[in-house]
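Asker: here is my input; please provide its structure:
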Amino acid sequence: MTDRLRIAIQKSGRLSDGSFELLKNCGLKISRGKDRLYGRVKEMPIDVMLLRDDDIPEFVADDACDIGIIGENVFEEALLVDGHDAPAERVMPLGFARCKLMIAGPKEWDYENANGLAGKRIATSYPGLTGAWLEREGVKARPVMMKGSVEVAPRLKVADAVCDIVSTGATLDANGLKPLATVFESEAVLIRNRNAFSSEKQAIFDALLKRIDGVITSRDAKYVMMNAPRAAIGAITEYLPGVDAPTVLDLAGQPDKVAIHAVCRESVFWGQLEELKKLGASAILVLPIEKMMA
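Answerer: All right, here's what the predicted structure looks like:
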């Protein structure tokens, strides 16, 4: 019987949506049971467990799952607070579910730097990250552990300020708060158990990593095609964003012109297309890349 790789994913929310989208782009389909807390991948021997985000680091560290997709903020908080004897380890960033953990305080505060937090109580669901930031800044303030809607803490006189995840800032504004300082910038990361996998499981893991790397590499990559004067090849190649080496093809009946095909590993914007036109390019096409593997 094949040794199956077990992956932990958040059961709901923005991180969950991004994780399933990543696996879908890797060519994997997940069938789930009635409880929707367990699934199986059809194309590869992989089992999926759907968990609360706070539980994922512990499940991976304790060998209940082999790998997991988790917000870097949650993972770092688990390392700082839980201190597993054999903690999970970070494998790679995944480039989605980006967010910021920020200190926020009343709008009327005249905040200049971290010293303005001295002696204050800061409500947060991330005491580890908050405490580490305060220590780095050399500020003596007291994190107040609070689950749920920490934004209401100053209004309830539970704390003077908060430290929480901020995306648009609308929730802070609605509670009379303003962002003051960034404590931690986060995105989704892939983590794994530190224990050695069996040879079968390692092969599955390596194959999955290649697919994930291909998806990430192709996410912003574009395939660019154009015609150009032969004399402009050097200038155009140098200007194309993130290009390795383009393919240059002769154009039939036009000895002074060539077709240039290139994979750009960065996004291509309208301003860059206009610059290519100035360099002599014409008939420029920019196409998305669905899959790419080195």
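Asker: residue ranges of the strands in the stretch 101-250 of the chain, please?
Answerer: Ranges of strands within the stretch 101-250 of the chain are 121-124, 142-145, 161-166, 177-186, 188-192, 222-229, 247-251, based on DSSP state E, counting those that start in this stretch.
Asker: for the last one, the distance to its chain's centre please.
Answerer: Spelled out, it's strand 247-251. In terms of Cα atoms, centre = their mean, to the nearest Å, the centre of strand 247-251 is found 37 Å from the chain centre.
Asker: for that strand, packing partners?
Answerer: strand 254-264 (3 or more Cβ pairs under 8 Å, 6 or more residues apart in numbering; DSSP states H and E). C-beta coordinates here come from the backbone N, C-alpha and C atoms, glycine included.
Asker: what angle sits between the strand it packs on and strand 222-229?
Answerer: Using axes from the mean of the first three to the mean of the last three Cα atoms, to 10 degrees, one finds that strand 254-264 and strand 222-229 are set 160 degrees apart in direction.
Asker: list the buried residues of the following helix or strand past strand 254-264.
Answerer: Tracing the chain C-terminally past strand 254-264 and defining elements by DSSP states H and E, one meets helix 270-278 next. For helix 270-278, burial by neighbour count (16 or more other Cβ atoms under 10 Å) applies to Gln272, Leu276.
Asker: stretch 212-228 now?
Answerer: Within stretch 212-228, the residues scored as buried using 16+ other Cβ under 10 Å are 212, 214-228.
Asker: select the longest helix from the chain.
Answerer: helix 199-219 (DSSP state H).
Asker: and that one, how far out from the chain's middle?
Answerer: Worked out by Cα atoms, centre = their mean, helix 199-219 lies 16 Å from the chain centre.
Asker: mean confidence for that helix?
Answerer: Across helix 199-219, pLDDT averages out at 93.
Asker: now do that helix: which elements does it pack against?
Answerer: strand 5-10, helix 14-25, strand 89-93.
Asker: which secondary structure element of the protein has the lowest mean pLDDT?
Answerer: strand 30-32 (a mean of 85; mean pLDDT, DSSP states H and E).
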